[in-house]
Every structure is written in C-alpha cells, then in structure tokens.
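Peer 1: quick one: sequence and predicted model below, then my questions.
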Amino acid sequence: MIFKAVRDGRPYPEHGLSSRDWASVAPRTVRLGDLVTTKRTLALDHLLDEDSSFAGDLFPHAVHWRGETYLEDGLHRALRAALHGRNTIHVRVLDLDALNFGVTPPAAPQPSTAP
C-alpha cells in the first residue's frame, strides 16, 4: 500500500490558510506510508502532466491532526513519487496538534459553595 489510508474528505477543522500562508510553512520529508489522503480520486491527466504544479506550490500540503497526517493537496505529486520508486516526499505540514487547533479548552474550575 502506498499511503496509510485513503479517505474522502477532511476530518480536521478548517484551518483557513491561504496560498500565501502555506508558503510560510517549511517543507519537510514525510514517508508516503504515513500519509492519509483526503481525496479518493485522481485526474489521470494531472498525474501524467510534467508541469502539473506550474500554477501552484511545488510542495504538497498536509495537515497533522490528532496524530495523523492528512494529505490535503498534492495527491498527484505524491503518487508520481511512488511510481518513481520513492517512499518519501517533501511536504509542507501544518501541525494543528502543536497549535492545539480545534481543541476545546477545559472548563474553568467552579468556585466551591461549601460552607
């Protein structure tokens, strides 16, 4: 299996990052086998196109949330890497776990009413 799992949709909360925001996230090496895809389908013409990322970021985007790393954008680049025999890829990873994103803070302690 190339990826850890294949999903249809994003299980994590909306992060609101724009293309410009993603550019500030440094790419890092990620094993393809550690990624969970958020898309079940792929346009074959994108996979075969040598310049498929000319209009966007050179690096795929992933979101780390609740211990899993979800491939949000760049499925065709990741699959192309796998077809070339590579098992790692450089990915921009937004770590929502480190940001405590989508985590409800604990309730404030209630004052004691004991006499």
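Peer 2: Ah, there it is. Residues are numbered from 1 along each chain as shown.
Peer 1: burial of Ala78, as a residue count?
Peer 2: By other C-beta atoms under 10 Å, 23 other residues sit near Ala78. In short, each C-beta sits where N, CA and C put it, glycine included.
Peer 1: OK, contacts around the residue nearest to Thr69 when sequence neighbours are not counted?
Peer 2: Among residues not flanking Thr69 along the chain, Ala62 sits closest, at 5.2 Å (C-beta to C-beta, 6 or more residues apart in numbering). Ala62 makes contacts with Val30, Leu35, Thr69, Tyr70, Leu71, Glu72, Gly74, Val91, Arg92, Val93, Leu94, as judged by C-beta atoms under 8 Å, 6 or more residues apart in numbering.
Peer 1: now do the host helix or strand of Ala62: distance to the chain's middle.
Peer 2: Assigned by DSSP states H and E, Ala62 belongs to strand 61-65. Chain-centre distance of strand 61-65: 3 Å, with C-alpha atoms, centre = their mean, to the nearest Å.
Peer 1: circling back: any idea of the pLDDT on the residue nearest to Thr69?
Peer 2: pLDDT recorded at Ala62 is 97.
Peer 1: count the neighbours of Leu35 for me.
Peer 2: Leu35 has 25 nearby residues by other C-beta under 10 Å.
Peer 1: how about the one 5 residues further on?
Peer 2: Counted with other C-beta under 10 Å, residues neighbouring Arg40 total 10.
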